[in-house]
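Q: structure here, sequence nowhere to be found:
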């Protein structure tokens, strides 16, 4: 298991007239969560793309538990529970400053060749960076 | 079952650098899909809110099957498969102009009292407008 | 002068907690306004890009006169007051259903070669399509 | 003069298919810029709203000088050049990590009573916090 926390302050433009963050805006929180998880592993999304690998999202499940308001400082916890194959699945938990659990999600992406648009294996260096966190059971 | 189709043209601002609609923007397509389904039933979201009923989203599942590009004209098909209780679940299928199936989703919302913030029964007139489409099996 | 009107219904996701459209979302209204103006002239943005011409925005001026709420049906009036050179300037007026004047804006873009990233002349067919609306004064 | 710097990393969802930040998304950068300027002065937007003061935007001028790409770390410099009256005007300069000047803007907002929706004087404590930075010329 590998996990990474990111703090983010809610923007006014992320709220809607209900007075809380619009349900569609969480996708950006998930995106920046996995971006920073990968950066912590010594790799960036940006680099991946420059190597010809795209990571389109193929699945997203979100459970909205408590709403979150403007200017609150949230913690986006992003977790890899399994080593990626052609697919990589991120799990998310979002908390507010008081530690209340706000949101739970799962987002799955596919390593894709930018030219052929076919699925490819995950980059070796990503697997190597992750393997210490996923000991082989015997 | 009750279903409603809405056509929508993809905005440039909805794309990302991968050249397709950003995965987080589909939430707005789902939102306008259910807005128009309700309008077709003679009721609007806006009216609901003015009657003191909010409809926060509690769950969203999305399956991204094919990407969609700028300026394409999509069809958002919104379907109610069951009569709402305190919860209302919308199913979505999105197609491009060629009829290709792009996206499948499910979004669940809860009728909520705007003051107490507690779940409430769905409005009677909504149930009445829907009931002809949900014949009681005997 | 050449003008084009587009109607658009305000999405919930476009509002913020003040209860009106977020000031940053108008840029999308301007974008779809000019997209439809060009389509009415027999040309699309999408085609332009496929010919290797990009149209980055270089200037935007917006005057917010009256706010606009969720579910309102606005009219986006897009006007070309002068023939484009390497630059093209769109003027905007937005109205609500009651005809109230909501918003006034000016957006300037530059015809840009997608490879060299240098400014280029506007496409001949665009100028030809526009010239009947811009009679030469004598 | 009072100035405040904020660093922000560009999100994937903020780019469009041109490969750079969509021109409409800068409004959020400006918004978080002024939010942090006010926080540095010991006051928050959120507090202002809870005191019954809204700050709708009435004018925005933006000059897009250089584009900015995904994952770049920008600096949003927000400046108050004059003491606010019923109107408050923020000036913006945005830079990339290399120090290149990307964007220049001006956003004007009006202190507004949330009930009467009429313009009001700026809060005394805001003026007091700002006055040391705006010495009276003699």
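A: Noted; the coordinates are in hand. All figures in this text were calculated on a predicted structure; none of them were measured in a lab.
Q: okay, and the beta partners of residue A:78?
A: residue A:4, residue A:92 (DSSP bridges).
Q: starting at the chain centroid, how far to the helix or strand residue A:74 falls within?
A: Using DSSP states H and E, residue A:74 falls within strand A:73-80. With CA atoms, centre = their mean, to the nearest Å as the basis, strand A:73-80 stands 8 Å off its chain's centre.
Q: can you mark which positions in that strand are buried?
A: A:74-80 (16 or more other CB atoms under 10 Å in any protein chain shown). Bear in mind the C-beta positions are built from the backbone N, C-alpha and C, glycine included.
Q: ok, so of those residues, who is nearest chain C?
A: residue A:74 (16.2 Å; CB to the nearest CB).
Q: what confidence value was assigned to that closest one?
A: On the pLDDT scale, residue A:74 is placed at 98.
Q: hang on, it packs against residue A:95?
A: Yes: using CB atoms under 8 Å, residue A:74 is in contact with residue A:95, at 6.6 Å.
Q: which neighbours do the two have in common?
A: Common neighbours of residue A:74 and residue A:95, counting by CB atoms under 8 Å, 6 or more residues apart in numbering or on different chains, are residue A:102.
Q: what mean pLDDT does the helix or strand containing residue A:109 get?
A: Per DSSP H and E: residue A:109 is located in strand A:101-110. Throughout strand A:101-110, pLDDT has a mean value of 98.
Q: do the same with stretch A:123-138
A: For stretch A:123-138, mean pLDDT rounds to 88.
Q: any buried residues in that stretch, and which?
A: Buried residues in stretch A:123-138, counted by 16+ other CB under 10 Å: A:123, A:126, A:129-130.
Q: which SS class is the residue nearest in space to the middle of chain A?
A: Geometric centre of chain A, nearest residue: residue A:34, 3.1 Å, by CA atoms, centre = their mean. Assigned with DSSP: H, G, I helix; E, B strand; the rest coil, residue A:34 falls in the helix class.
Q: same check on residue A:47?
A: helix.
Q: that older thread, so what touches the strand holding residue A:74?
A: Strand A:73-80 is contacted from outside by A:1-10, A:29-30, A:32-34, A:36-37, A:68, A:88-97, A:102, A:130, A:133, using CB under 8 Å, 6+ apart.
Q: before we move on, back to that, now do the strand holding residue A:109 and strand A:73-80, the angle between them.
A: Angle of strand A:101-110 versus strand A:73-80, following axes from the mean of the first three to the mean of the last three CA atoms, to 10 degrees, is 40 degrees.
Q: okay, buried residues for strand A:101-110 please.
A: For strand A:101-110, using 16+ other CB under 10 Å, the buried residues are A:102-103, A:105-110.
Q: reformat those as CSV; add distance to chain C.
A: Listed next are the buried residues of strand A:101-110 as CSV, based on distance: CB to the nearest CB, whole Å:
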residue, distance to chain C
A:102, 17
A:103, 17
A:105, 18
A:106, 22
A:107, 19
A:108, 24
A:109, 23
A:110, 26
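Q: still on that earlier bit, so which of the buried residues of strand A:73-80 comes closest to chain D?
A: Distance ranking of those against chain D, using CB to the nearest CB, places residue A:76 first at 12.3 Å.
Q: quick check: closest non-adjacent residue to that closest one.
A: Spatially, and ignoring its direct neighbours in sequence, residue A:76 is nearest to residue A:33 (4.1 Å; CB to CB, 6 or more residues apart in numbering or on different chains).
Q: just the helices in chain A please.
A: Here chain A has its helices, by DSSP state H, at A:26-40, A:45-50, A:124-130.
Q: so which of those is nearest residue C:23?
A: helix A:26-40 (18.6 Å; CB to CB).
Q: and that closest one, what does it pack onto?
A: Helices and strands touching helix A:26-40, by 3 or more CB pairs under 8 Å, 6 or more residues apart in numbering or on different chains; DSSP states H and E, are strand A:2-9, helix A:45-50, strand A:57-64, strand A:73-80, strand A:87-95, strand A:101-110.
Q: can you tell me what sits against it?
A: The contact list for helix A:26-40 (CB under 8 Å, 6+ apart) reads A:2-4, A:6, A:8, A:44-45, A:60, A:62, A:64, A:74, A:76-78, A:80, A:90, A:92, A:94, A:103, A:105, A:107, A:126, B:22-24, B:27, D:9, D:11-13, D:71.
Q: nothing else from me, thank you.
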